[in-house]
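> sequence first, predicted coordinates after that:
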Amino acid sequence: MTPNPSRKELSHDRIVTAAARAIRRGGFEGVGVADIMKEAGLTHGGFYAHFDSRNAMMAEAMDRAGQESAARLTQGMALRKSRGASDLRALVEAYLSDRHLEDIEAGCPVAALACEVPRQSPEVQGAAAQRVHGLLAIMGRALPPDAPADSAALLASQLVGALLLARALGNKARGQALLKATRRSLLAQYDRPQPG
């Protein structure tokens with residue numbers, strides 16, 4: 001956003017923010033243009049002043065959701081690192097947190113939407129692929145320097161999969177227990193003291 005955004009830029013931002021929340025909450029197919037415009041406090045008729053198509057909005061919303069999620073994850077990691085956690089422990093604990101389990105609307109769009117991406121337009125698929133690459137980059141930075149080359153992909157798969165399964169249980173206590181067991185297992189596997 002520019003330092004002094006125009007009214008149109010502010011409206012565009014409200015639409016993208018509403019769509020980023022909505023796709024994580026209800027999936028791509030659960031998001032209608034009229035609903036997004038209403039949630040953004042705008043009229044349905046103004047949509048095409050901002051986007052060429054619904055797919056263009058969905059792609060931008062996927063990108064925004066990823067940016068928001070990465071910022072939230074980074075914030076959670078920073079808090080844990082300030083308490084002495086390693087980068088990897090901070091990442092695992094932040095991603096597999098009870099807060100992330102419960103707040104789908106503000107969480108990782110990869111976990112919320114990955115199974116729907118293959119049925120989307122190439123434009124949306126491209127935005128989703130960028131989000132996956134961003135998640136892999138975060139994983140790679142948190143891993144020890146001597147980790148095998150495929151460790152970031154393996155760790156991302158384990159984190160996303162655990163979050164999906166915990167949410168699928170539909171029971172907060174069982175979901176939390178699954179996340180706790182996964183955190184313990186992953187940290188035992190990856191978070192070993194480095195030789196000094």
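That came through, no problem.

> point out where this structure drops to low pLDDT.
Counting by pLDDT under 70, the low-confidence segments of the chain come to 1, 192-196.

> look up phi and psi at T17.
phi -60, psi -40 (degrees, to the nearest 10).

> same check on N171?
When quoted as degrees, to the nearest 10, the phi and psi of N171 stand at phi -130, psi 120.

> please apply the same query to A149.
Backbone dihedrals for A149, given as degrees, to the nearest 10, come out at phi -60, psi -30.

> packing partners for whichever strand or helix holds A152?
For A152, the enclosing helix or strand under DSSP states H and E is helix 151-168. Under the contact criterion of 3 or more C-beta pairs under 8 Å, 6 or more residues apart in numbering; DSSP states H and E, helix 151-168 touches helix 87-95, helix 98-102, helix 109-113, helix 122-142, helix 172-190. All C-beta atoms are positioned from the backbone trio N, CA, C, and that covers glycine.

> what angle do the first one and helix 122-142 make?
Taking axes from the mean of the first three to the mean of the last three C-alpha atoms, to 10 degrees, one finds that helix 87-95 is oriented at 130 degrees with respect to helix 122-142.

> picking that back up, CA atoms only: put the helix holding A152 into PDB for me.
Backbone C-alpha positions of helix 151-168 (Å, rounded to 0.1, in the frame of the first residue of the first chain) are rendered in PDB as follows:
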ATOM      1  CA  SER A 151      14.300 -31.700   4.900                       C
ATOM      2  CA  ALA A 152      12.300 -28.500   4.200                       C
ATOM      3  CA  ALA A 153       9.800 -30.300   2.000                       C
ATOM      4  CA  LEU A 154       9.500 -33.100   4.500                       C
ATOM      5  CA  LEU A 155       9.000 -30.800   7.500                       C
ATOM      6  CA  ALA A 156       6.500 -28.600   5.600                       C
ATOM      7  CA  SER A 157       4.500 -31.700   4.700                       C
ATOM      8  CA  GLN A 158       4.500 -32.900   8.300                       C
ATOM      9  CA  LEU A 159       3.500 -29.600   9.700                       C
ATOM     10  CA  VAL A 160       0.700 -29.000   7.200                       C
ATOM     11  CA  GLY A 161      -0.500 -32.600   7.400                       C
ATOM     12  CA  ALA A 162      -0.600 -32.500  11.200                       C
ATOM     13  CA  LEU A 163      -2.600 -29.200  11.200                       C
ATOM     14  CA  LEU A 164      -5.100 -30.600   8.700                       C
ATOM     15  CA  LEU A 165      -5.600 -33.800  10.700                       C
ATOM     16  CA  ALA A 166      -6.000 -31.900  13.900                       C
ATOM     17  CA  ARG A 167      -8.600 -29.700  12.400                       C
ATOM     18  CA  ALA A 168     -10.400 -32.700  10.800                       C
END
